[in-house]
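Undergrad: Sequence first, then the predicted structure, then my questions.
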Amino acid sequence: MVSQEREVPEAVPEPVMAGFVGGASADGNAPRKGPTGKDYVDDDIPNRLKDDRLVKFLRIRFDEQKDYLDDLKSTRDDISEPSDVRRKSGIDFHRIKKEMERINTLRSSFEASEENDFVMRRFNWYRASWRLEAQKKSAGNLEDIQKRVSNMYPDPEEHHFIAKRLNWERQILNKVQDWTRDPILSSPGPPKDPEELKREQEEAAEAEKKVQNKKKKKRAEPAKVQRPRPPDSYGLTVSEITLRRSNDACKASFMSYEMHKHSLNDALFKEDNNPFTKKCKKNTIRHFHIPANNMHWIEVLSLPRGYLDYTNAVLGGNSTLL
């Protein structure tokens, strides 16, 4: 078996770090122009590192790294390969594995702290949002890829970049279309800062406490239960005092009088033969005495039923309420 290294895709021109529309130039004064074909340059690797398999491994896409590592392992274990080839493949395989272990250890150590855990969760949410947005736009980017890439290289001397760029972008966009939605996006927004979340929880608890205290202070309304009323109205009576004019010649003379007592229950609730509904005779004044200062009884006797006019007493024969 002939030893073959996994082919690393030829470097595609990458944008220079400087070159955003409207940004400042290196001297900080003149604004930069928009991106052009010259903003994309070939990635240059020192000659001493071009054949370094660890460098090649770290330069290829993540989804291709496993296959690259499997090829090295296969070459190392293939007894048909020359010993020096197998030995070099084994050394490179070991270097790559150790480097990946080192990276994973550093990453685990970074994520172990509570503060960094929040940072990583927030970073993962934003990365997943970016991936979702890229997936939504991938179909449109594929449709106008020819025009867009051609505009990147308007200089005829750069036209040889177009085919490479087209092939590279199509590969990426086809893979982007196969991305799946990350479950982390089930939350409506990025994870909140633990301190901010704690503060919101404390404020919500304080607001709930105030509501509960307000409910406790609010006096409950008494139950509106109809209490049974005894026939004798607890023994209370209404006194009816009738004054008659004793001398027609003297209109102020009311020396003749008589008194009757009626059950409070009858006075309040009886419709027939109620003392308050009896017509008052001429030249008489009737006074009714309620045995308690109960405004509700006064309202029942006077306002709704119209028995009395207790605002004034007319000698022509009216009833007053005392």
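TA: Cool, got the structure.
Undergrad: Residue 176 against residue 138, yeah?
TA: Yes. Residue 176 is within contact range of residue 138, at 4.5 Å (criterion: CB atoms under 8 Å). (C-beta placed from N, C-alpha, C; glycine too.)
Undergrad: Now do the shared contacts for those two.
TA: Counting by CB atoms under 8 Å, 6 or more residues apart in numbering, residue 176 and residue 138 have no contacts in common.
Undergrad: helix/strand/coil for residue 121?
TA: Three-state call for residue 121 (DSSP: H, G, I helix; E, B strand; the rest coil): helix.
Undergrad: For residue 99, see how far away residue 58 is.
TA: Applying CB to CB, to the nearest Å, the value for residue 58 to residue 99 is 8 Å.
Undergrad: Overlap of the contact sets of the two?
TA: Shared contacts of residue 58 and residue 99 (CB under 8 Å, 6+ apart): none.
Undergrad: Just the buried residues of the strand or helix carrying residue 267, please?
TA: Assigned by DSSP states H and E, residue 267 belongs to helix 264-269. If you call a residue buried by 16 or more other CB atoms under 10 Å, then helix 264-269 has these buried ones: 264, 265, 266, 267, 268.
Undergrad: wait, which of the residues you listed is closest to residue 288?
TA: Closest approach between the buried residues of helix 264-269 and residue 288, by CB to CB: residue 267, at 7.8 Å.
Undergrad: Going by residue numbers, what spans are helices in the stretch 151-300 of the chain?
TA: Here the stretch 151-300 of the chain has its helices, by DSSP state H, counting those that start in this stretch, at 160-177, 194-217, 264-269, 295-302.
Undergrad: how does this structure divide into domains?
TA: For the chain, the structural domains run 14-186, 233-321, going by automatic domain parsing.
Undergrad: now the first one: mean pLDDT?
TA: Along domain 14-186, the predicted confidence averages to a pLDDT of 80.
Undergrad: What of the last one?
TA: Here the mean pLDDT over domain 233-321 is 69, rounded to a whole number.
Undergrad: What residues sit buried inside stretch 191-202?
TA: By neighbour count with 16+ other CB under 10 Å, stretch 191-202 contains the buried residues residue 191.
Undergrad: all numbers from here: first residue = 730
TA: With the count now opening at 730, the last piece we talked about shows up as stretch 920-931.
Undergrad: Show me what the residue nearest to residue 970 when sequence neighbours are not counted bridges to in the sheet.
TA: Leaving aside its chain neighbours, residue 970 sits nearest to residue 1016 (4.4 Å; criterion: CB to CB, 6 or more residues apart in numbering). With DSSP bridges applied, residue 1016 shows beta-bridge pairing to residue 970, residue 1049.
Undergrad: for stretch 831-846, the distance to its chain's centre please.
TA: Relative to its chain's centre, stretch 831-846 lies at 30 Å (CA atoms, centre = their mean, to the nearest Å).
Undergrad: follow-up on the earlier one: tell me which of the buried residues of helix 993-998 is nearest to residue 1006?
TA: The nearest member of the buried residues of helix 993-998 to residue 1006, counting by CB to CB, is residue 996 at 10.1 Å.
Undergrad: Wait, that closest one touches residue 965, no?
TA: No. Assessed by CB under 8 Å, residue 996 is found out of contact with residue 965, at 9.5 Å.
Undergrad: residue ranges for the strands of this protein, please.
TA: Taking DSSP state E to define them, one finds strands in the chain at 743-744, 769-770, 966-973, 985-992, 1013-1018, 1047-1050.
Undergrad: Just tell me which of those strands ends up closest to residue 926.
TA: Nearest to residue 926 among these is strand 743-744; the distance by CB to CB comes to 38.0 Å.
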